[in-house]
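Colleague: Got a predicted structure plus its sequence, pasted below:
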Amino acid sequence: MAVCPALATDPEAAERAALAKQHSAVQAKFAAEERACSARFSVNACVADVRTRRREALAPIDARDAELDAAQRQRRAEERRAAIATKEAERAKRDAQAASGAVASQPLDALRAPSHPKAAPLPHPAASHAAPSVPTPAERAAREQAARERYELKQREADAHRAEVERRNAGEKKPLAPALPPIAPASGAQQK
C-alpha cells in the first residue's frame with residue numbers, strides 16, 4: 001500500500017488519517033451490530049444500547065480530532081498575526097523613509113501618472129501624513145471653473161446624444177397595421 005507523501009512528512013496529517021481510519025472502523029463495527037439487532041425480539045432496546053456504546057467509543061476519537069482542529073486554528077492565527085506584524089513593520093519603514101526624504105520620487109511620479117485621460121493624478125504617499133492644505137482663492141476659483149467646464153461638456157454630450165436618439169427614432173416610424181375586419185356572427189348561432 002502506497003503512503004501519501006504529505007502523510008509521510010506531516011505527523012498531524014498522519015494522525016488525522018489514523019483517526020479517520022479508527023472512526024470508520026468503529027462506525028462499521030457498530031453498524032453491523034445494529035443490523036444484528038433486527039433479529040432479536042427487543043429491537044429498540046438493542047439499537048439504543050448499540051448507539052450508546054458507539055457514542056462512548058467515538059468520544060475519545062472525536063475529542064482528539066477537536067484538539068487537532070483547535071491546534072490548527074491556533075497555528076493559523078499565529079501565522080496571520082506574524083504576517084500582519086511583518087506588513088506593519090514594512091509600512092512603518094516605508095513611512096519613515098518617505099518622511100526623511102530617502103525615497104526617490106521618480107518611481108512614484110510614474111505611478112501617479114493618470115492611466116485614463118479623465119483620471120485625476122494620485123496624491124503623493126507622504127502627503128497623506130501631512131496636514132491638509134487649505135486651497136487659496138485662486139486655486140478654489142480654478143477648481144470651480146474646471147468643474148463648470150466639465151458640467152457643460154457633459155450637458156453638451158447629453159444633448160447631442162438625445163438629439164441623435166430622437167433623429168434615429170423619427171426615421172424608424174413604422175406604418176400601423178391595417179385594421180382587422182369585424183367578427184361575423186357564427187353561423188347557426190341564435191340571435192336575439
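Modeller: Yep, that arrived.

Colleague: what's downstream of the one helix or strand in the chain whose mean pLDDT sits lowest, the next helix or strand?
Modeller: None of the helices or strands of the chain scores lower by mean pLDDT, DSSP states H and E than helix 106-112, at a mean of 51. In the C-terminal direction, the helix or strand that comes right after helix 106-112 (DSSP states H and E) is helix 137-171.

Colleague: quick one: residue 35 from residue 46, how far?
Modeller: Per C-beta to C-beta, to the nearest Å, residue 35 is found 11 Å from residue 46. Just so you know, the C-beta spots here come from the backbone N, C-alpha and C atoms, and that holds for glycine as well.

Colleague: okay, the two: which has more neighbours?
Modeller: Higher neighbour count among residue 35 and residue 46: residue 46, with 17 against 11, using other C-beta atoms under 10 Å.

Colleague: That one: what's its closest spatial neighbour, skipping adjacent residues?
Modeller: Among residues not flanking residue 46 along the chain, residue 37 sits closest, at 3.6 Å (C-beta to C-beta, 6 or more residues apart in numbering).

Colleague: Show me where the chain dips below the pLDDT cut-off.
Modeller: The model of the chain has pLDDT under 70 over residues 1-9, 101-132, 173-175, 188-192.

Colleague: tell me what the longest helix seen in the chain is packed against?
Modeller: Identified as the longest helix of the chain according to DSSP state H is helix 43-100. The elements that helix 43-100 packs onto, with contact taken as 3 or more C-beta pairs under 8 Å, 6 or more residues apart in numbering; DSSP states H and E, are helix 11-37.

Colleague: Nearest to the spatial middle of the chain, which residue is it?
Modeller: Central residue of the chain (C-alpha atoms, centre = their mean): residue 80, 18.9 Å from the mean position.
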